[in-house]
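**Q** quick one, fold the following:
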Amino acid sequence: MRVPAVWMALAAKDVSGKIPAIFFPAAIWPGVPGVGWGNTLLNWLLAGVGNLVGAVVFVSTSYWYQFLSGRPEKAAISTAEDAERT
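**A** Below you'll find the predicted structure:
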């Protein structure tokens, strides 16, 4: 069984349509027993922490690696005189 919120979010053309499509079909609205605001807030908290950790680990690490890979290595100091001086 597919979750209707996923299909509605895919059908929405812009972000302002996707947010209510995902938010309103949540199980808390139809009164599913055993699902309350505590479960919902805990889920959002854990999802937010997971997104934060993922962003720190993957996004900033990849930016850091790209920053370092673009730097030229230290130029070897030449003991020979420049061609212009000779």
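**Q** if I look at the nearest residue to residue 8 once chain neighbours are set aside, how far off is residue 10?
**A** Excluding the flanking residues, the one nearest residue 8 by Cβ to Cβ, 6 or more residues apart in numbering is residue 21, at 3.6 Å. For every residue, glycine as well, the C-beta is placed using N, CA and C. Going from residue 21 to residue 10 by Cβ to Cβ, to the nearest Å gives 9 Å.
**Q** the two: who's more crowded?
**A** residue 21 (17 against 9; other Cβ atoms under 10 Å).
**Q** phi, psi of residue 34?
**A** phi 90, psi 0 (degrees, to the nearest 10).
**Q** pLDDT-wise, which helix or strand of this structure ranks last?
**A** helix 4-11 (a mean of 76; mean pLDDT, DSSP states H and E).
**Q** average pLDDT for the top helix by length along the chain, rounded please.
**A** Ranked by residue count under DSSP state H, the longest helix found in the chain is helix 37-54. Helix 37-54 carries an average pLDDT of 91.
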